[in-house]
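**Q** sequence and predicted structure below; questions after.
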Amino acid sequence: DGEPAALAGPNGAGKTTLLGIIAGELTADSGAVQLPRGATIGFLRQGYAGREGETVAQAFPALDLALHGDARLAAIADALGATPHDDTLAAAYDRELARLAEAPPAGEAERLAASLAIAIPPADTTLGTLSGGEQTKLGLIDLLLRRPGVLLLDEPTNHLDLDGIERVERLIATFPGPV
């Protein structure tokens, strides 16, 4: 725990594939991945190519929940108050309440954004209008809001200037689990 490790190699050597195998998204040809019991993995992929039309809310659901979950719950509650016997609304309220119970503490998204020096764009902003560095920073915030036990970061400093790289390094240094 708390120990960073690096995987280095030339382009095309399989670093991203290996991270995908460790994250459980790909199947290994042989061998096995062993993680501590109950370990949760947070995987930050390199970039968001092919997802340019997605909104910030769609691409970063933990961030969206942290910032807008309370407002969504209140809107559902208002609608339920107007139609108290609507089972669909009641189920939606229960789902949103359960999601909020898992949400990070209030202000955590803003704290992470400040540490990375990024203004969080409106939820309906499309990824295609954001720089690669902004996408990476928002992805890292979203990942950390999920509170994984292990971080897998695939080239997290791509598209960042020196200040951005240093900020990401400082944020990663405070992560309590393996990186």
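**A** Done, it's in. Not measured: the values here are computed from a predicted model.

**Q** for the rest of this, base every contact and every neighbour count on C-alpha atoms.
**A** OK.

**Q** packing partners for the helix ranked longest in the chain?
**A** In the chain, with assignment by DSSP state H, the single longest helix is helix 61-82. Packing partners of helix 61-82 (3 or more C-alpha pairs under 8 Å, 6 or more residues apart in numbering; DSSP states H and E): helix 56-59, helix 87-101, helix 108-115, helix 132-145.

**Q** which strand or helix spans Leu152?
**A** For Leu152, the element it lies in under DSSP states H and E is strand 150-153.

**Q** show me what counts as buried in that strand.
**A** Buried residues in strand 150-153, defined by neighbour count with 16 or more other C-alpha atoms under 10 Å: Val150, Leu151, Leu152, Leu153.

**Q** please apply the same query to stretch 97-105.
**A** So for stretch 97-105, counting by 16+ other C-alpha under 10 Å, buried means Leu97, Leu100, Ala103, Pro104.

**Q** my guess is the last one contacts Arg146, does it?
**A** Yes. Using C-alpha atoms under 8 Å, Pro104 makes contact with Arg146 at a distance of 7.4 Å.

**Q** got a list of contacts for the longest helix of the chain?
**A** 56-57, 86, 89-90, 92-93, 96-97, 99-100, 103-106, 108-109, 123, 141-143, 145-146 (C-alpha atoms under 8 Å, 6 or more residues apart in numbering).

**Q** can you pull the pLDDT of the residue nearest to Gly20 when sequence neighbours are not counted?
**A** Nearest residue to Gly20 in three dimensions, chain neighbours excluded: Leu26, at 5.4 Å (C-alpha to C-alpha, 6 or more residues apart in numbering). Turning to Leu26, the model gives it a pLDDT of 94.

**Q** any idea how far Gly2 is from Asn11?
**A** 27 Å (C-alpha to C-alpha, to the nearest Å).

**Q** out of those two, which sits in the busier spot?
**A** The neighbour comparison of Gly2 against Asn11 (other C-alpha atoms under 10 Å) goes to Gly2, with 14 against 8.

**Q** read off the pLDDT value for the more buried one.
**A** Gly2 is assigned 70 on the pLDDT scale.

**Q** list the contacts of Cys16.
**A** For residue 16 the amino acid is Thr, not Cys. Asp154.

**Q** in the strand or helix carrying it, what counts as buried?
**A** Assessed by DSSP H and E, Thr16 sits inside helix 15-22. Residues Lys15, Thr16, Leu18, Leu19, Gly20, Ile21, Ile22 are the ones in helix 15-22 that count as buried (16+ other C-alpha under 10 Å).

**Q** and of those residues, the nearest to Gln135?
**A** Gln135 lies nearest to Thr16 out of the buried residues of helix 15-22, by C-alpha to C-alpha, at 18.2 Å.

**Q** secondary structure element holding Gly24?
**A** Following DSSP H and E, there is no helix or strand that holds Gly24.
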